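# here is a sequence with its predicted model. Questions after.
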Amino acid sequence: MDPTWAAAAAAVVLIALPPAWSVTRHVVTLVHEAGHAGVAVLTGRRLNGIRLHTDTSGLTVSSGKPRGPGMIATAAAGYLAPAALGLASVALVESGRTAWALYAGLGTLALMLAFILNWFGLLVVVLSAAAVSLLVWRAPERVQDFAALTFAWFLLLAAPRTSIELWPHRRRVRTRTSDADVLARLTILPAAVWNVVFILLTGAALAAAVWLVGPP
């Protein structure tokens, strides 16, 4: 089997098996919150801190204007971040730049350490950084490529899954604190429309990655 599609198959296992998903979903939360944090900083907001919880939820707190494009972009970034990172990672690996992806990931994790506010979040970031460090300094190139592709496909598949799971979650939980609900309060679009936007854009990223690598 082609290594690219073997990595995709491995990613499917990480998402499809409930015991694996209960662990690997913490990685999705990590990327989700990193997306909020990164866009908050890029739009001029002040990043106050990040929390990752044992139930796979997370919280990123930033300060700045309570409304406007910066706040909208920050709120929208969470569910889209895994898909964007996954697509970028596939593009880098396919172009022979796996090291760029690994070093960028390691640098991002190092920056996140300064903003983690709870012990579990610190554990997730440290373990993730340790795994990437082992790949960078100990693994041969073919292992780096396979691991990076598996991670990329995992994010590309996890992004639409979590976006789809948001729909029943919103109907079940009445607190209305999801990213879609926050966006509904910031814009004229209802939360359901934002949820659909998340699903469509994350699905489009997955389709773009499949087109990029070509048929197996």
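Now that the structure is in, tell me what you want to look at.
# use CA for all of it now, contacts and neighbours both
Will do.
# what ranges do the helices span in this protein?
Per DSSP state H, the chain carries helices over the ranges 3-16, 18-42, 69-94, 98-113, 119-138, 141-172, 179-186, 191-213.
# show me how far the longest one is from its chain's centre.
Right, the one you point to is helix 141-172. Shown here is helix 141-172, whose average C-alpha point lies 7 Å from the average C-alpha point of the whole chain (CA atoms, centre = their mean, to the nearest Å).
# buried sites along stretch 108-127?
With burial defined by 16 or more other CA atoms under 10 Å, the residues of stretch 108-127 counted as buried are Thr108, Leu109, Met112, Leu113, Phe115, Ile116, Leu117, Gly121, Leu122, Val124, Val125, Val126.
# want to throw the residues you listed into a markdown table with pLDDT and distance to Ala91?
Shown next, in a markdown table, are the buried residues of stretch 108-127 (pLDDT from 0 to 100; distance: CA to CA, whole Å):
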| residue | pLDDT | distance to Ala91 |
| --- | --- | --- |
| Thr108 | 96 | 18 |
| Leu109 | 97 | 21 |
| Met112 | 96 | 24 |
| Leu113 | 95 | 27 |
| Phe115 | 97 | 29 |
| Ile116 | 98 | 29 |
| Leu117 | 97 | 33 |
| Gly121 | 98 | 29 |
| Leu122 | 98 | 29 |
| Val124 | 98 | 26 |
| Val125 | 98 | 24 |
| Val126 | 98 | 26 |
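# centre-most residue in the chain?
Per CA atoms, centre = their mean, the C-alpha nearest to the average position across the chain is that of Pro82, at 2.7 Å.
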